[in-house]
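**Student:** A structural model of the following input is requested.
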Amino acid sequence: MNTNTKKIIIIGMLIACQVVTGRFLTISTLFVKIGFTFLPIAILAILYGPVWAGVGAAMGDIIISLLLPYGYFPGFTVSAFITGTVYGFFLYRKSANIWKITCSVLVINIAVSIFLQTYWLYLLTGQGYLAVLPMRIIQNAIMTPIQILGIRLIAYRIAKIELRSA
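**Tutor:** Next up is the predicted model:
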C-alpha cells in the first residue's frame, strides 16, 4: 500500500475514533464537556503534525456536532482546529516528554478551552462570560491531569505502534 493511501486511511480512522469518543464516550452539557476526544487528536498530532491534526480535529468536530442535539457552531470548529495544531506543534516527532505534553495540554486548556470556548458559549447562549467561566475552569482542572496521563500512557503507545510499522 502506498504511503499516502495509508496516511489517509489512518487519519480517517482517527477521525472516526474522535467521533465515537465524542458521541458515545463524552459526558456533555451545553457548558461542561468531559470526554476523551483529545486522544485521537493527540495521536494524529504525534503521527502527522500540526496541519493534519488541526484539519482532522476540525473535521471530527463538524461530524460530532451534526450528531449531537446542540447543532453546529463554527466557533467550536475553530477551537478544534487550534487544539489539533497546538498538539501538533508540541508533540509531532517528539518523544513522550512529560513537560512537552503538559505544556501542550495547559496551552490548550487555558487559551482554547477556558477563554476561547467560553467566549463561543457567551456568543451562542448570551449568558455572561464571567458567569460561565468558573464552571469551565473546574472542568479543565479535572481534565488536565487526565489528558496529560492519557497522552503519555495511551496516545504515545498507540503512535509508537504505528511508527514501528511504517
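**Student:** Quick one: mean pLDDT over whatever helix or strand Arg157 lives in.
**Tutor:** According to DSSP states H and E, Arg157 maps onto helix 156-165. Regarding helix 156-165, the rounded mean pLDDT is 86.
**Student:** Could you tell me how far stretch 114-122 lies from the centre of the chain?
**Tutor:** A distance of 16 Å separates the centroid of the chain from that of stretch 114-122, by CA atoms, centre = their mean, to the nearest Å.
**Student:** Can you tell me what sits against that stretch?
**Tutor:** With contact meaning CB atoms under 8 Å, 6 or more residues apart in numbering, stretch 114-122 is reached by 30-31, 73, 75-76, 78-79, 82, 127-129, 132-133, 136-137, 140. Every residue, glycine included, has its C-beta placed from N, CA and C.
**Student:** by contact count, what packs against the helix or strand harbouring Ala57?
**Tutor:** Applying DSSP H and E as the criterion places Ala57 in helix 38-67. Secondary-structure packing of helix 38-67 (3 or more CB pairs under 8 Å, 6 or more residues apart in numbering; DSSP states H and E): helix 3-24, helix 74-91, helix 129-150, helix 156-165.
**Student:** what's the most buried one of the ones you listed?
**Tutor:** helix 74-91 (a mean of 22; mean count of other CB atoms under 10 Å).
**Student:** if we can go back for a sec, touching the helix holding Arg157 from outside, list them.
**Tutor:** If you take CB under 8 Å, 6+ apart as the criterion, helix 156-165 is touched by Ile10, Ile43, Ile46, Leu47, Ala96.
**Student:** and that helix with helix 3-24, angle?
**Tutor:** Helix 156-165 and helix 3-24 are oriented at 160 degrees to each other (axes from the mean of the first three to the mean of the last three CA atoms, to 10 degrees).
**Student:** and the angle from helix 156-165 to helix 38-67?
**Tutor:** Going by the same axes, to 10 degrees, helix 156-165 makes 100 degrees with helix 38-67.
**Student:** Just give me how far helix 156-165 sits from the chain centre.
**Tutor:** 19 Å.
**Student:** List the contacts of the closest residue to Ile110 other than its chain neighbours.
**Tutor:** Nearest residue to Ile110 in three dimensions, chain neighbours excluded: Asn140, at 7.5 Å (CB to CB, 6 or more residues apart in numbering). Neighbouring residues of Asn140 by CB under 8 Å, 6+ apart: Asn109, Ile110, Ser113, Ile114.
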